[in-house]
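Participant: need a structure here:
(one chain, ligands or ions: 1)
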Amino acid sequence: MEKKPFVTKEQIEEIVKTYPTPFHIYDEKGIRENARALKEAFAWNPGYKEFFAVKATPNPFLINILREYGCGCDCSSLTELMLSHAIGMKGEDIMFSSNDTPANEFVYAEKIGAIINLDDITHIDFLEKTIGYLPKTLSCRYNPGGYFSISNSIMDNPGDAKYGFTTEQMFEGFRILKAKGVENFGIHAFLASNTVTNDYYPTLARTLFELAVKLKKETGAHIAFINLSGGIGTAYRPDQEPNDIRAIGEGVRRVYEEVLVPAGMGDVAIYTELGRFMMAPFGHLVTKAIHEKHTHKEYIGVDACAVNLMRPAMYGAYHHITVLGKENAPCDHMYDVTGSLCENNDKFAIDRMLPEIQRGDYLVIHDTGAHGFSMGYNYNGKLKSAELLLHEDGSVELIRRAETPKDYFATFDCFDIYNKMDWEAV
Ligand SMILES: *Cc1c(COP(=O)(O)O)cnc(C)c1O
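Facilitator: I've put the predicted structure just below:
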């Protein structure tokens, strides 16, 4: 599918008068349409709830939009819990799906009433000792091991993943929890990441639903919800077909009718913890070409770097690039598009065919709305960008300011060096 930006050159030229590049910009219209479609796709399940994976895009303005469509938050750290609590999410709207969890994070999660999803059988004891009791509702994360396949193709390798209980541990864990007075159980699994197929959720659902039936039968546990977690991906490449959330919801419904309903479990709520699917396509990293370099290869240097978007440097991920104003020009130039970090992997694209780029051109790097800004770091002392929201009426709102050197040096503020900084330089 052709990948078109949701902003034009004219819009960006106007926006940069107030907010200089680089920045991430999010499309409110796209976010809303997608959230509505998700809600409709699972409307057949009365208890359905999406807990947005906060780590994907931890911005309260964006999370508040999702909330209008009934979404809660999925957190896996103290600060994600704090953010969710601060915007007024109630306990049952917060899922705490963490791993290797520090004691203080369990304490805080319980204090704000979040639903705790345990990553390991030893955490039963750890949680009980940490907070002094076990909550009435608890969830356990499942990892069947081996490979996760759909038809004959391997989607991912859970056997190599650090998360979750084994099958035997699920049965043992449920027995222990039930004996200790837990009343409502959840089952969670995240077995493949960034899937671009409508079959992932239905296939996962079958595994979890069949497990749920056995767990109920053998342990007597009341299974209140099954959490399909994240993993519905984004068509980052133009030749990929985006997921069809209606087909996915319908696929899960069929398995639900086939496996859960005949077992007398037609009251189980379906939960999801989508991050990428909710936001990735609705974010652009907008950056300006500031240098061109002709050496052993042709380079375009831009004013963003891996600090703003780490996925290409970290996993060689493909992000489509559009040169604004040159949407219809022939892609007859091959470039490496680079940032300024002193790391040769700081490249947004390698050997990419693009229209001829001049200094001053604006480039849109697509699908940065999830795991984009949030993965950012501060290597080379580079600062994180602003985040902007493009409203449906075309107006633009600043939803996070850019970092300043003061932010970068803030952790030195109790030392003398802080007072010796040349603040005039900024
Ligand atoms: C990362 C994560 C998600 C979201 O994954 P996406 O691929 O962004 O959908 C959901 N749940 C947990 C526990 C995660 O770690």
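Participant: contacts, neighbours, all on C-alpha from now
Facilitator: Noted.
Participant: what's near enough to touch D120?
Facilitator: N99, C140, R141, Y163, G164, F165 (C-alpha atoms under 8 Å, 6 or more residues apart in numbering).
Participant: one more pass at 6 Å, please.
Facilitator: By C-alpha atoms under 6 Å, 6 or more residues apart in numbering, D120 lies in contact with G164, F165.
Participant: distance of it relative to N344?
Facilitator: Remark: distance between D120 and N344 (C-alpha to C-alpha, to the nearest Å) = 39 Å.
Participant: skipping adjacent residues, who's closest to L83 in space?
Facilitator: P60 (7.4 Å; C-alpha to C-alpha, 6 or more residues apart in numbering).
Participant: okay, now that neighbour: neighbour count?
Facilitator: 16 (other C-alpha atoms under 10 Å).
Participant: how much space separates it from the ligand?
Facilitator: As judged by C-alpha to the nearest ligand atom, to the nearest Å, P60 and the ligand stand 17 Å apart.
Participant: could you report the pLDDT at that residue?
Facilitator: On the pLDDT scale, P60 is placed at 98.
Participant: again with F415
Facilitator: Here, the pLDDT recorded for F415 equals 96.
Participant: parallel or antiparallel, list what pairs with the lowest-mean-pLDDT helix or strand in the chain.
Facilitator: The least trusted helix or strand in the chain, going by mean pLDDT, DSSP states H and E, turns out to be strand 153-156, with a mean of 89. Paired with strand 153-156 in the same sheet, following DSSP bridges, are strand 148-150 (antiparallel).
Participant: what about the partner strand, average pLDDT?
Facilitator: 92.
Participant: ok, stretch 82-95 next?
Facilitator: Stretch 82-95 comes out at a mean pLDDT of 96.
Participant: repeat that for stretch 162-177.
Facilitator: Here the average pLDDT along stretch 162-177 is 98.
Participant: in it, what counts as buried?
Facilitator: Using 16 or more other C-alpha atoms under 10 Å as the test for burial, stretch 162-177 gives 163-166, 169-177.
Participant: turn those into CSV, columns for distance to the ligand and secondary structure.
Facilitator: What follows is the buried residues of stretch 162-177, written out as CSV (distance: C-alpha to the nearest ligand atom, whole Å; DSSP: H, G, I helix; E, B strand; the rest coil):
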residue, distance to the ligand, secondary structure
Y163, 9, coil
G164, 10, coil
F165, 14, strand
T166, 16, coil
Q169, 19, helix
M170, 17, helix
F171, 21, helix
E172, 22, helix
G173, 19, helix
F174, 20, helix
R175, 23, helix
I176, 23, helix
L177, 21, helix
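Participant: quick check: residues of this structure near the ligand?
Facilitator: 53, 56, 97, 193-194, 229-232, 273-277 (C-alpha under 6 Å from any ligand atom).
Participant: which of those fall in helices?
Facilitator: R276, F277 (DSSP state H).
Participant: select only the buried ones of the residues of the chain next to the ligand in ChimeraX?
Facilitator: Command for ChimeraX, covering only those of the residues of the chain next to the ligand found buried under the criterion 16+ other C-alpha under 10 Å:
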select :53,56,97,194,229,230,231,232,273,274,275,276,277
